[in-house]
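*Asks:* Pasting the sequence and the predicted model now:
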Amino acid sequence: MPTDDVRAAVRTLARLSRLLERGGGDLSLPQFRLLAMVERGQRASFLADKLTVAKPTVTALVDGLVERGYVSRTQSPDDKRATQISLTAAGRKALKAAETDMAERLDGLLDRTADPRAVLDSLAALQGALEEAFEERMSAGATRR
């Protein structure tokens, strides 16, 4: 059973995500998340796993981003049935602009904390935990196949 502190943290993260999304310019938070993960080119199925959403959700996100010229679709060189999603120059520009604005918003909040470095270190630790959980999920999925 989560503690009151954990429940409060969930509420804070939800509010923070809304603040960041308002700084995303013309990108929604899901679109921003996808662009940030596509930076080096990824298969659609990997993106769905990484974002912990269904493949049709990624397809819909990608459709909108292709339409805006932020990503492109190509056939995967490794698997002709798979689609490779890549960031375009316009996508890189939109990602950088959104990330800069979001970082400025977060920086303004960090200035209001007693120890901004401790907050950033805690967020980095949380990122590490997310990556570890993702790797475990992928390993578990690979053993079931």
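*Replies:* Nice, I can see it.
*Asks:* distance of the residue most central in space within the chain from D115?
*Replies:* With distances taken as C-alpha atoms, centre = their mean, the residue of the chain nearest its centroid is R33 (2.7 Å). Counting by C-beta to C-beta, to the nearest Å, the separation of R33 from D115 is 27 Å. Where C-beta positions appear, they are placed from N, C-alpha and C, glycine not excepted.
*Asks:* do G141 as well
*Replies:* 38 Å.
*Asks:* ok, back up a step: could you double-check that the residue nearest to the centre of the chain sits in contact with L51?
*Replies:* Yes - counting by C-beta atoms under 8 Å, L51 is a contact partner of R33 at 6.2 Å.
*Asks:* need the contact list for D121.
*Replies:* The contact partners of D121, by C-beta atoms under 8 Å, 6 or more residues apart in numbering, come to none.
*Asks:* which residue ranges form the helices in the protein?
*Replies:* Secondary structure of the chain, counting by DSSP state H: helices at 4-22, 29-38, 44-51, 55-67, 89-110, 116-144.
*Asks:* Looking at those, which is nearest to R73?
*Replies:* Among the helices of the chain, helix 55-67 comes nearest to R73, with 6.2 Å by C-beta to C-beta.
*Asks:* what's the closest one packed up against?
*Replies:* Secondary-structure packing of helix 55-67 (3 or more C-beta pairs under 8 Å, 6 or more residues apart in numbering; DSSP states H and E): helix 29-38, helix 44-51, strand 71-75.
*Asks:* tell me the mean pLDDT for the first one?
*Replies:* Averaged across helix 29-38, pLDDT comes to 88.
*Asks:* do the same with the shortest one
*Replies:* Strand 71-75 shows a mean pLDDT of 88 in the predicted model.
*Asks:* gap between it and the chain center?
*Replies:* The chain centroid and the centroid of strand 71-75 are separated by 19 Å under C-alpha atoms, centre = their mean, to the nearest Å.
*Asks:* Report the buried residues of that strand.
*Replies:* V71, S72 (16 or more other C-beta atoms under 10 Å).
*Asks:* Could you do the second one as well?
*Replies:* With burial defined by 16+ other C-beta under 10 Å, the residues of helix 44-51 counted as buried are A44, F46, L47, A48, D49, K50.
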